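J.: Can you look at this prediction? I've put the sequence above it.
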Amino acid sequence: MRALAVLVTVLLTVVATLLEFELSALRVGGLTGLFRGETDVWSGAGQLAGLAIPVTVAVNLGLAWFAVATIGRSWAIGVPWALWTLLALGAAGTRTTEGDYLLGGDNWVALVMILVGSVTFAVYAYRMIMKPLKAAPEPS
């Protein structure tokens, strides 16, 4: 069962990370177009929307909780944390065939998302470490 939980955690992490990467390029014009029912929201104009940052925090907290809860071990947080970090750093250093970076250095949302995403896992791990141990029931 743990192996299945690890596999599901890996799959969820990959899907969530790709969604976060896509949201990092969303612009305000595209966001307003989304509410108007337009289908091509990625080519919007204006400033970057920044929606990926709170989504990254929420999703990564969910991934951390899911991994620990389903795998049942405290080391389980390392599975989505390491995979998410490797995907983020890989996307930041990979060029497309046109020569663009997947997560460019001129995209402040992507840079903040990488920082906040990893810090979210670190905070979750820190809270797990600092959680007081449950006292064993006293014998009656």
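T.: It's in.
J.: For the chain, which segments count as strands?
T.: With strands called from DSSP state E, the chain shows none.
J.: Ranking helices and strands of it by mean pLDDT, which lands last?
T.: Lowest by mean pLDDT, DSSP states H and E among the helices and strands of the chain is helix 28-35, with a mean of 70.
J.: For residue 118, give me its contacts.
T.: Residue 118 sits next to 81, 84, 85, 88 when contact means Cβ atoms under 8 Å, 6 or more residues apart in numbering. The C-beta positions use only the backbone N, C-alpha and C, and glycine is treated the same way.
J.: Neighbour-wise, which one of those residues leads?
T.: For these, counting by other Cβ atoms under 10 Å, the largest number of neighbours falls to residue 84: 25 neighbours.
J.: Enumerate every residue touching residue 56.
T.: Residue 56 touches 20, 113, 116, 117, 120, counting by Cβ under 8 Å, 6+ apart.
J.: Look at it and report its pLDDT.
T.: Per-residue confidence at residue 56 stands at 96 (pLDDT).
J.: quick one: residue 36 and residue 30, what's the gap?
T.: 11 Å (Cβ to Cβ, to the nearest Å).
J.: Please say which of these two ends up with more neighbours.
T.: When residue 36 and residue 30 are compared for neighbours, residue 30 comes out ahead with 19 against 7, by other Cβ under 10 Å.
J.: close enough to count as contact, that one and residue 49?
T.: Yes - here residue 30 reaches residue 49: they are 7.4 Å apart, a contact under Cβ atoms under 8 Å.
J.: Low-confidence bits of the protein, can you list those?
T.: By pLDDT under 70, the weakly predicted segments of the chain are 31-34, 38-45, 132-140.
J.: let's see it at 50
T.: The chain contains no residues with pLDDT under 50.
J.: ok, residue 72 - contacts?
T.: Residue 72 neighbours (Cβ under 8 Å, 6+ apart): 2, 5.
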